[in-house]
Every structure is written in structure tokens, then in C-alpha cells.
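>>> predicted model follows, preceded by the sequence.
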Amino acid sequence: MRRIGPKGQGEFERISWDDALATIKQHWCDIISRYGAEAILPYGFAGNLGLLNGPGCGDALFNKLGATTAEKTFCVSSSITAQIMTIGPSLGTDPESFVHSKFILIWGANPLSTHSHLWPFILKAQRSGAKVVVIDPFRTRTAARADWHIAPRPGTDIVLALSMIHTLISDDLVDHDYVRKYCIGFDELAESAARYPADKAAEITGIAAEDIQQLAHEYAQTQPSVIRVGVGLERHQSGGQAMRAIDCLPALVGAWRQVGGGLLQMPIFVPVRPAENSRPDWIDPETRVLNLVQIGAHLTGELDPPVKSLFIWNANPLVHAPDSNKVQQGLERQDLFTVISEQFMTDTARYADIVLPATMAAEQDDILTSWGHFYINLNQRAIEPPGEAVANSELFRRLAKIMNLDDAHFQRTDLQMMRDSLDWDSPMLAGESFESLQERGTIRVKVPPANEYAPHAEGNFLTPSGKCEFVSSIGAESGFVVPSFRQMRMDKQNSAPINPVPTYTANVESIGEDNSTYPLQFLSPKSHGFLNSEYANETRKLDVQGEQAVIINPVDAAKRHIKTGDEVRVFNDRGAVIGDALVSDKALVGTVVATFGYWTSLSRGTGVNALTGGERQGFAATPCFYDTAVEVSQNRG
Ligand SMILES: Nc1nc2c(c(=O)[nH]1)N[C@H]1C(S)=C(S)[C@@H](COP(=O)(O)OP(=O)(O)OC[C@H]3O[C@@H](n4cnc5c(=O)[nH]c(N)nc54)[C@H](O)[C@@H]3O)O[C@H]1N2
Ligand SMILES: Nc1nc2c(c(=O)[nH]1)N[C@H]1C(S)=C(S)[C@@H](COP(=O)(O)OP(=O)(O)OC[C@H]3O[C@@H](n4cnc5c(=O)[nH]c(N)nc54)[C@H](O)[C@@H]3O)O[C@H]1N2
Ligand SMILES: [Mo]
């Protein structure tokens, strides 16, 4: 479709694929000749996580053209970086081994809503007597079902973790044999932890000193103990360092020794070959890198060359990127040529000049790896694509053709691309082949079965030292970003140096010196009913999820004369969000919670990211979505 009305109005006319491709070609050739190819910015993200059609699937095309390289750190960038620095690229504890755990610590995650395939194993363990503890400032559905819910002030988890470590050391709960054999940096970690005796940590975290000590004791003494760590904590200044400290815990207490002990983050380290499809080897080292978290600033600021064309696939940046008012201003620019491949007329698509129709999962072939399990799955199309929709793989073949890129890479069929996407020589795929995947549809990676798998019972950490690194030997000087979502570049990036020992940095905006204007800390986690911004346009899903709620503690609500059901306005200097107040102690005093995903075009104003800032990025260039200060008032129009 071609836009015929003003940007954002959603007025389009249907055109043919040939016409659309010719229009794109003409604009891109003009832009390249006037400004150079770096004036084109590819924006692909996680709407599709397939090896063929996922976040990096268009990168080869843009690398060949010499377009700006996009750094994509919206999700798990700091948590994966922290894991690689501490225990290496490990699968971690098998989700199916959770049934053998006696103590399950769910930290900054809401698996009942967001990792539903893990939940049955947690429930089974709980029914057999395991204690389930949740650490989350918000009482989520998961927290409500826990045996113990601990609600720290957001962004202070590292202090809680370091204080636990201090208790483990001072109360002689450390597995010294394990630490001696398989870890490095104990003395430095102990020194960092000693800064937070329980009473000091209590002041910072808001958790009673006795609770911190009890947590450390139970965690150490109830073996096997396992931690499931989510992305909730990475949205703060100290997020990555909190992950580092948490990643140290299982080694300190020897939890890795047993099946069902250890830590599960995201078992993403299966043998995929992302470079086969995204071709980082085609990037000229001089090419500019822009981080997509700051898309609003990139589109509205003074860049040389300016971004003159934005190509978007698998993403709805107007909803998911921070500082959405700025993103909108950028998308409104008359001189910006925006193309999007979409299934729906999303908030972002309404601003595009050209909208290309994309297929859905049942209409395309792909290989899906893990978002929290040990299986590799074949996604076989169930029906032929309706109308003129094409899979991303075909979309980029067509674009390569019109841009006269004749490299054999762009001629590969989906079948060839699928064969190329996995490292069939890896021991994790021993005895398997693309044919066996086709035959069975699913392959469990070749590690021992869940009732035997204890990946680090005898160390075997894939870090530079081969040990669990309490003091990290990588990333200290330059800072580095691990290829989250098969992002390509590791050599040239915007990340700051990382302290090799886990250390606390307070949030800047939400608990900084002066927060009298905006005294509340704003959290915008995932919703139960939507998948990021997907399904937020589905009546059925909206019925389940309900209108945008703003959850506020009774203490904070009383000060503002707010009652449940009142229409309220959450605001700061960046923008405002309208929602229905839910006065509840589910939200901690001093915090406001509104879930993420609602579309602006379908709600009473803007989505939650109107409030969040793109300028603050933490460890590994992760967006600090939750380091956001706000005020709430009745909405009086
Ligand atoms: N239903 C549903 N499922 C999803 C998604 C979805 O949108 N909806 N999205 C998918 C995606 S892309 C991802 S990345 C995963 C993420 O899944 P999770 O890792 O579970 O992430 P969130 O639900 O964003 O955040 C988890 C919790 O962290 C809490 N939190 C916030 N700040 C802090 C803090 O400072 N400390 C602690 N301890 N907790 C904090 C939040 O209150 C929230 O309850 O879910 C995936 N699954
Ligand atoms: N405030 C706040 N912001 C957040 C988060 C948060 O918790 N709070 N979470 C962050 C995280 S963890 C993530 S992962 C991101 C989510 O960011 P994304 O994963 O990019 O998710 P969406 O923004 O929902 O956009 C996905 C879009 O892709 C489209 N799509 C799906 N499949 C295909 C396909 O095969 N082809 C094409 N062309 N399009 C397709 C869908 O229709 C949808 O519009 O948001 C981040 N932003
Ligand atoms: Mo994510």
C-alpha cells in the first residue's frame, strides 16, 4: 500500500508489488547518491524470532548496501552479557529439571504470564514441597502464587544480592570446596559484598534485615536450589551488575552440584549460525552504528548523514521503543521515507510511506529455537500465504533483486536457508540433520535428560578462565555487547566500560537527588494478555487484558485523592499516559505500574513508552525503561 493521506492518519491506497518495489528502489537510489547508503537505517526486531524471518533476517541486504548498522539492545542485552561474563554461554538449568528443585527463586520474572511453558514444572515442584520465592516490587500473578513474595525497591536488587552474599560468607554457608575448585575472584566479591551488611541493605532495598538473612540461609541450605532470572531487573542502571551478582549465587552455595540446582536465564545458546543469514562479514568497519533504543533522537536530531529512510520489519517502534513522542515526531518528518513490512495497520505502520504485507507463522516455513526450553522446532506452513503476503525471507530476496545485488546469498531458497541456519556439526546436534528435524519436527539438544543434567556439577564454565568468574576477565576496559538477538557487531559499539566486580549504581531519574516534581517510580512490565504490542488490536485479547490500568499503592493514592476506577493521568516532562486507576498494595509504595503493549491509535492517548527515556542506557547498552520518574493525577481532560 502507498500512503495517500497525512503521515499517521492511516490513509492508503493499494498498489502492486512491482509498483511498491520500484518506488522503494527510486527513493533508495536517490538517497544513496545524495547522502550515501548510511542514510538508510534498518529497523528489525523481535516480532518474529525465527532463524529465517527473525530480527536479523534483513541485515545481509543492508550490510551489502552499506546502510547504517543497527545495534539492537531492547531485550536481554545486559542479562545475557552478564551471564557470559560470569558463567559463560551456558544453557543453564534445564526447565524440565525444575521438578527436582527444593527451593525456586524467581527473580525479576513473571513466568506465569511470560514463560508459561516453565510454569507447570514450577507448580509440580511446589506441590512436591519445594518453596517458591518471588523477588519483584510488583505482586504479579506469579508472585501471588509464591510461598514468599519479597518486594524490593525497584533497581536495588544488586544490593539485595550482595547482602545475601555477605550473609553467606559471614554465616559460613559457602561451599568452599566448590568455590576453590571452580571459581575465581572470591576475595574481591567478598569485599564488594561486605559494603552491604543486612541492616545497610535494608535501608536501600526496603527489605527487612532479618528477611535478607533468612533468604540467604534458606537459599543456601535448601538444596537443590534454582534461580529463574528474568528481564525485569535489567531495566535499571544497576540491572546488568545485579545479574552478575545473581549469577554468582549458585556457585557460592554449590547449587550447581545437583540436578535441579543452578540458574536458568534464557537457554539461547543452542548451535545456531546467525552469521549465515545476517552476514556481518559484509559490514565495512567504518560504517556508522546507531542503537535503535534511541530511535527518537536519531530521527529528530542532527546526524551526518541524517536518517532519510527507515525500513522496519518485525517491529512496532512507536509502541515498544522509549520516548515515543519523540519517535512520533521523527516518523512525522516529511523528508523521511519509511517502509514497513507488517501483518497489521499498527501505530507505526500508519506513518509509513509504503506498507508491505507480511505472512504469519502458519503461512511461512522457519526454524524456531528456544525462548526458555531445550528444543529446536521446525515451523512448517499450514496454508499458503493469503493474498499477496510474503515471508520476510522472500521480501528480502525481492529487495535484493531490485537493488541489483546478485550475490548467491540472496538466491538461496527457504530450504537452503534453513539448512544453513544450524551448526549440524555441533556436539549438541550429534546424529541429527535437517532431514531428522523435518521428520520429527522437533529436536532436543544433545545434553543429558532432565533427570540427569547438572551442567556445572564439576565446573565446566565456558568463560575465558574456565571458572565461574566472580571477577570478570572480559568487558572491563571497553565494555561490550553480546549479540542479543543475533545482532552482529561486537567490535564497534556504544557500551560503556563495565566494572569487573558487581557494584551498585543507583537509578538516576527515579531515585536521584531531586525527585520532588516526579516522586513516583514508573514500571511498565509485560502484560498477561498481549505479546509485547502484538494482539493488543484483538478484541478477544483486549477483553482478557482489559483497558490500560494504572496500579498505585493505597498510600500514594490517598495523597492524591485517587480511587479505583478513576481515570488518571501519569505524566512527566516527556509525555503522559491515561488509564484507569487500580488502587492496590500489589504496587509497592512509591511505584506506579502500567503494563506495556497498548496501541496509541486504539487507546485514550499514548502507550507507556511516552514516559520512558531513550537517553539512559545501562550496562551493555540496555535501555533503562524503568528508571523513569512520574507523577499521577486525576485526569481532568
Ligand atoms: N504474556 C506475555 N508473555 C511474554 C511477553 C509479553 O509481552 N506478554 N513478552 C516476551 C518477551 S519479549 C520477554 S523479554 C519476556 C520477559 O519476561 P519477564 O522476564 O518475565 O519480564 P517482565 O514481565 O517484563 O518483567 C518481570 C518482572 O520484573 C519486575 N521488575 C521490574 N523492576 C524490577 C526490579 O527492579 N527488581 C525486580 N526484582 N523485579 C523488577 C516487574 O514488575 C515484572 O513483574 O516475556 C516474553 N513473554
Ligand atoms: N516500556 C516497555 N517497553 C518495552 C518492553 C517493556 O517491558 N516495557 N519490552 C521490551 C522488549 S523485552 C522487547 S522484546 C520489545 C518488543 O519489541 P518487538 O518484539 O519488536 O514487538 P512489537 O513492538 O510488539 O512488534 C512486533 C511487530 O512485528 C510484527 N510481526 C510479527 N511477525 C512478523 C513477521 O513474520 N514479519 C513481519 N514483517 N512482521 C511481523 C507484528 O505484527 C508486530 O507489529 O519491546 C521492548 N519495549
Ligand atoms: Mo523481549
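In hand now; what should we look at? Numbers count the residues shown, from 1 in each chain. Ligands and ions are numbered 1, 2, ... in the order given.

>>> can you list contacts of the longest helix along the chain?
Once the chain is assigned using DSSP state H, the helix that runs over the most residues is helix 17-35. Residues from elsewhere that reach helix 17-35 (Cβ atoms under 8 Å, 6 or more residues apart in numbering): 1-2, 15, 37, 39-40, 65, 305-306, 308-309, 337, 339, 353-354, 356, 388, 398-399, 402-403. All C-beta spots, glycine's among them, are computed from the backbone N, C-alpha and C.

>>> now list the buried members of these.
Those of the contacts of helix 17-35 that meet the buried threshold are 1, 37, 39-40, 65, 306, 308-309, 337, 339, 353-354, 356, 398-399, 402-403, by 16 or more other Cβ atoms under 10 Å.

>>> so where's the chain uncertain?
Low-confidence segments of the chain (pLDDT under 70): 475-496, 512-514, 637.

>>> near ligand 2, which residues of it?
With Cβ under 6 Å from any ligand atom as the criterion, the chain comes near ligand 2 at residues 45-48, 53, 74-75, 231, 313-316, 319-320, 341-344, 346, 358, 392, 524-526, 532-534, 596, 608-609, 612, 625.

>>> among the residues you listed, which are within reach of ligand 1?
Applying Cβ under 6 Å from any ligand atom to those, those adjacent to ligand 1 are 46, 75, 231, 525-526, 532.

>>> out of these, which are inside strands?
Using DSSP state E, no member of those falls in strands.

>>> distance check, the residue nearest to Gln521 when sequence neighbours are not counted against ligand 2.
In this structure, Gln521 finds its nearest non-sequential neighbour in Ser510, 4.1 Å apart by Cβ to Cβ, 6 or more residues apart in numbering. In this view, Ser510 and ligand 2 are 14 Å apart by Cβ to the nearest ligand atom, to the nearest Å.

>>> do Leu189 as well
The gap separating Leu189 from ligand 2 is 29 Å, by Cβ to the nearest ligand atom.

>>> let me know the secondary structure of that residue.
Following DSSP: H, G, I helix; E, B strand; the rest coil, the label given to Leu189 is helix.

>>> that one against Cys468, yeah?
No. With contacts counted by Cβ atoms under 8 Å, Leu189 stays clear of Cys468, the gap being 10.4 Å.

>>> and for those two, which residues touch both?
Contact criterion Cβ under 8 Å, 6+ apart; residues shared by Leu189 and Cys468: Cys248.

>>> most widely separated two among the ones next to ligand 1 among the residues of the chain next to ligand 2?
The distance between the two most remote of these (Cβ to Cβ) is 16.1 Å, for Ala46 and Pro525.

>>> more neighbours: which of those two?
Counted by other Cβ atoms under 10 Å, Ala46 and Pro525 do not tie: Pro525 has more neighbours, with 24 against 19.

>>> coming back round to it: list the buried ones in the longest helix of the chain?
By neighbour count on 16+ other Cβ under 10 Å, the buried set for helix 17-35 is 20-21, 23-24, 27-28, 31-32, 35.

>>> try stretch 500-516
Buried-residue list, stretch 500-516, by 16+ other Cβ under 10 Å: 500-502, 504-511, 515.

>>> same check on stretch 537-549?
537, 541-542, 545, 548-549.

>>> hmm, that stretch touching ligand 1?
No. Using Cβ under 6 Å from any ligand atom, stretch 537-549 never reaches ligand 1; the gap is at least 9.3 Å.

>>> now this structure against ligand 1: closest residue?
The chain approaches ligand 1 most closely through Gly232 (1.8 Å), counting by Cβ to the nearest ligand atom.

>>> if I look at that residue, how far off is Arg139?
According to Cβ to Cβ, to the nearest Å, Gly232 stands 13 Å off from Arg139.

>>> comparing these two, which shows the higher neighbour count?
Gly232 (26 against 19).

>>> and that one, what is it in contact with?
Contacts of Gly232 (Cβ under 8 Å, 6+ apart): 108-110, 136, 525, 626.

>>> tell me how many other residues crowd Asp187.
By other Cβ under 10 Å, 10 other residues sit near Asp187.

>>> quick revisit: among the contacts of helix 17-35, which are located in helices?
65, 398-399, 402.

>>> pull the most distant pair out of those residues.
The two members of those with the most space between them (Cβ to Cβ) are Leu65 and Arg398, at 14.4 Å.
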